[in-house]
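Visitor: Model the following, please.
(one chain, ligands or ions: 1)
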Amino acid sequence: MTKSTAHTTQTARSDGLGGSVRVPGDKSISHRALMFGSLAIGETRITGLLEGEDVLNTAKAMRALGASVERQATADGSVTWVVYGRGVGGLVEPESVLDLGNSGTGARLLAGLLASHPMTAVMTGDASLRSRPMDRVVTPLALIGARFESPGGNRLPLTVIGTGEPVPMVYESPVASAQVKTAVLLAGLQARGATTVIEPAATRDHTERMLRHFGAEVRTATVADKPGAVSVTIVGQPELAGAGIVVPGDPSSAAFLVVAALITQNSEVSLHNVGLNPHRTGLFDTLKDMGANLVVENERVEGGEPVGDLVVRSSRLKGVVVPASRAPSMIDEYPVLAMAAACAEGETRMEGLGELRVKESDRLAAIADGLMACGVHVEIDGDALVVTGCGGLVPGDAVAKVHLDHRIAMSFLVLGLAADKPIGVDDAAAIATSYPGFLDDMANLGAKIEKGPDQNGTSVS
Ligand code: S3P
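Guide: All right, here's what the predicted structure looks like:
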């Protein structure tokens, strides 16, 4: 870890963030809208789609599999993505390798689709994605009859040899993962009969909501003798009909601006149209437990998902214990929660974070190393992360290593707003995977940001 220099993108101690932001579309819902639309008959019109690199890679993959996926922009600047699907089981063999870039969601969900089509396809991705485990989807998808070949032992590049006769099954997943659940359900779409996934704890349910919206029969139930577990069943070979999708703002992207406003003194920020699916709001609950002045206004349902506006004001935060049971509802938010914890008074203990080791980077290590470089006391205790808050400004004066991880980059840039000396990141380009306008949105709210050379050409001054 080096000291901050003018050659990195960095942020400095700021005062009085103010204004309002419409956060970009939800990444999870955007991937699903493109994929499920590609399986439907007729037109799917998507508004609010996230135009980050991850989702654009999924759009390319769906085109390569035979769907028509087009971006339509009108003179007033509004954008609609229009998909014409091929019907359930109707995807065609791609002519070239499918490159999912940085996206675990893209790769895992697509594996489910490919597994149940009688064709051979190769998936790859960037160095981060190529290092992430695929066994979690390969294992169940092999049970339905697909075969996989990989020089790297169930990692990308991965050849999927799909089956035209997927076997319906009941699969009990060892991990609470919406990606695994969705991969199995997507494979089950083509099976003759019902496919059930049992997850040990409830994870985000965007797949269930959206598949029903397209006309599939999806049933959910609790599981006898397994407290907290959920079973999800899809009835195979439905007719999916194209439908309109309104993608809400991503609570996982809003999270960075929420924490920025909380830790920057004299701030009041409004965030519009933020998705508030109860399986995604663990961070907001935790921040409230820490004393955050965070108010939800104008709650409503749009496109089958709960949304609302958030008003966030600077707050004195105090350390809390975050139980493992909360992890599925805030799995992507621990990096930025750790930044809030670094500014809080007292200790914050976050439990049950084993899954963070296999995200876009080893997030436990990336958070701990970056915080220590910024002068914050951190400990990793098994799969718990313990941060001792500074009760105000952190020392700063460091460059955090991003390891191709967008959320690590945004987290440390947020922390720089409440640091005595600036905090930089070694790779701000990673941010484009999920939130291409992040630096501009932060600057418009009044954050002090200096761009590094990798951000030349973007509009923050
Ligand atoms: C996602 C599920 C989560 C999350 C990821 C998006 C999804 O992964 O970390 O960013 O869209 O299904 P897991 O389900 O593997 O925890």
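
Visitor: What about contact with the ligand: does the strand or helix carrying Ala366 have any residue there?
Guide: Taking DSSP states H and E as the definition, Ala366 sits inside helix 363-373. No. Counting by CB under 6 Å from any ligand atom, no contacts exist between helix 363-373 and the ligand, the nearest distance being 10.0 Å. To be clear about C-beta, it is placed using only N, CA and C from the backbone, and glycine gets the same treatment.

Visitor: Just after that helix, pick out the following helix or strand.
Guide: Heading C-terminal from helix 363-373, the first helix or strand you meet, by DSSP H and E, is strand 377-381.

Visitor: Check which residues of the helix holding Ala366 are buried.
Guide: Residues of helix 363-373 classed as buried by neighbour count (16 or more other CB atoms under 10 Å): Arg363, Leu364, Ala366, Ile367, Ala368, Asp369, Gly370, Leu371, Ala373.

Visitor: Check stretch 275-286 too.
Guide: Going by neighbour count (16+ other CB under 10 Å), the buried part of stretch 275-286 is Gly275, Leu276, Asn277, His279, Arg280, Thr281, Gly282, Leu283, Phe284, Asp285, Thr286.

Visitor: With stretch 379-386 instead?
Guide: Within stretch 379-386, the residues scored as buried using 16+ other CB under 10 Å are Asp383, Ala384, Leu385, Val386.

Visitor: can I assume Leu439 is in contact with Thr9?
Guide: Yes. Contact criterion CB atoms under 8 Å: Leu439 and Thr9 qualify, at 7.1 Å.

Visitor: Comparing those two, which residue is more hemmed in?
Guide: Thr9 (27 against 23; other CB atoms under 10 Å).

Visitor: For the more buried one, give me phi and psi.
Guide: When read as degrees, to the nearest 10, the backbone of Thr9 gives phi -80, psi 130.

Visitor: The closest residue in space to it that isn't next to it in sequence - how many residues pack around it?
Guide: Leaving aside its chain neighbours, Thr9 sits nearest to Ala428 (3.7 Å; criterion: CB to CB, 6 or more residues apart in numbering). Residues lying near Ala428 (other CB under 10 Å) number 26.

Visitor: Isn't Ala428 up against Ile408?
Guide: No. Counting by CB under 8 Å, Ala428 does not reach Ile408; the two are 10.9 Å apart.

Visitor: picking up where we left off before, quick one: which of the buried residues of stretch 275-286 sit in helices?
Guide: Using DSSP state H to define helices, the subset of these located there is Gly282, Leu283, Phe284, Asp285, Thr286.

Visitor: Generate a markdown table for those residues, with pLDDT and distance to Ala254 as supplementary columns.
Guide: Formatted as a markdown table, these follow (pLDDT from 0 to 100; distance: CB to CB, whole Å):
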| residue | pLDDT | distance to Ala254 |
| --- | --- | --- |
| Gly282 | 98 | 13 |
| Leu283 | 99 | 9 |
| Phe284 | 98 | 9 |
| Asp285 | 98 | 14 |
| Thr286 | 98 | 14 |
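
Visitor: Now for Ala428 and Ile408: what residues contact both?
Guide: Taking CB atoms under 8 Å, 6 or more residues apart in numbering as the criterion, Ala428 and Ile408 both touch Val402.

Visitor: contacting residues around the residue nearest to Glu333 when sequence neighbours are not counted?
Guide: Nearest residue to Glu333, sequence neighbours excluded (CB to CB, 6+ apart): Leu283, at 3.8 Å. By CB under 8 Å, 6+ apart, the residues touching Leu283 are Pro251, Ala255, Val258, Met330, Glu333, Val336, Leu337.

Visitor: How about Ser103?
Guide: His31, Asp54, Val55, Asn57, Thr58, Gly125, Leu129, Thr433.

Visitor: of the residues you listed, closest to Arg22?
Guide: Within these, proximity to Arg22 (CB to CB) peaks at Val55, which comes in at 16.9 Å.

Visitor: burial count for that closest one?
Guide: For Val55, the neighbour count with other CB under 10 Å is 29.

Visitor: Could you count how many residues lie near the residue nearest to Glu355 when sequence neighbours are not counted?
Guide: Closest residue in space to Glu355, ignoring its immediate chain neighbours: Ile331 at 6.2 Å, by CB to CB, 6+ apart. If you count neighbours by other CB under 10 Å, Ile331 ends up with 24.

Visitor: where exactly do the strands run in the stretch 351-461 of the chain?
Guide: Listed in chain order, the strands of the stretch 351-461 of the chain (DSSP state E, counting those that start in this stretch) span 377-381, 384-388, 394-400, 419-425, 448-450.

Visitor: Now name the helix or strand holding Ala260.
Guide: Assessed by DSSP H and E, Ala260 sits inside helix 251-263.

Visitor: Quickly note the distance from the residue lying closest to Leu189 once chain neighbours are set aside to the ligand.
Guide: In this structure, Leu189 finds its nearest non-sequential neighbour in Val88, 5.4 Å apart by CB to CB, 6+ apart. Distance, Val88 to the ligand, using CB to the nearest ligand atom, to the nearest Å: 20 Å.

Visitor: just Asp362 next, same as before
Guide: 14 Å.

Visitor: Please verify my assumption that that residue contacts Leu356.
Guide: Yes. In this structure, Asp362 is within contact of Leu356 by CB under 8 Å, at 7.4 Å.

Visitor: Of those two, give the one with the bigger neighbour count.
Guide: Leu356 (22 against 17).

Visitor: OK, contacts around that one?
Guide: Residues near Leu356 by CB under 8 Å, 6+ apart: Ile331, Tyr334, Asp362, Arg363, Leu364, Ile367, Leu385.

Visitor: and with 10 Å instead?
Guide: Contacts for Leu356 (CB atoms under 10 Å, 6 or more residues apart in numbering) come out as 327, 331-332, 334-335, 350, 362-367, 383, 385.

Visitor: Count the neighbours of His206 for me.
Guide: Counted with other CB under 10 Å, His206 comes out at 24.

Visitor: so Val138 sits in a helix?
Guide: Yes. Checked against DSSP: H, G, I helix; E, B strand; the rest coil, Val138 lies within a helix.

Visitor: now it: how far from Ala111?
Guide: With distances taken as CB to CB, to the nearest Å, Val138 is found 7 Å from Ala111.

Visitor: Between these two, which contacts overlap?
Guide: Shared contacts of Val138 and Ala111, defined by CB under 10 Å, 6+ apart, comprise Ala146, Phe148, Leu158, Val160, Ala183.

Visitor: All set now, cheers.
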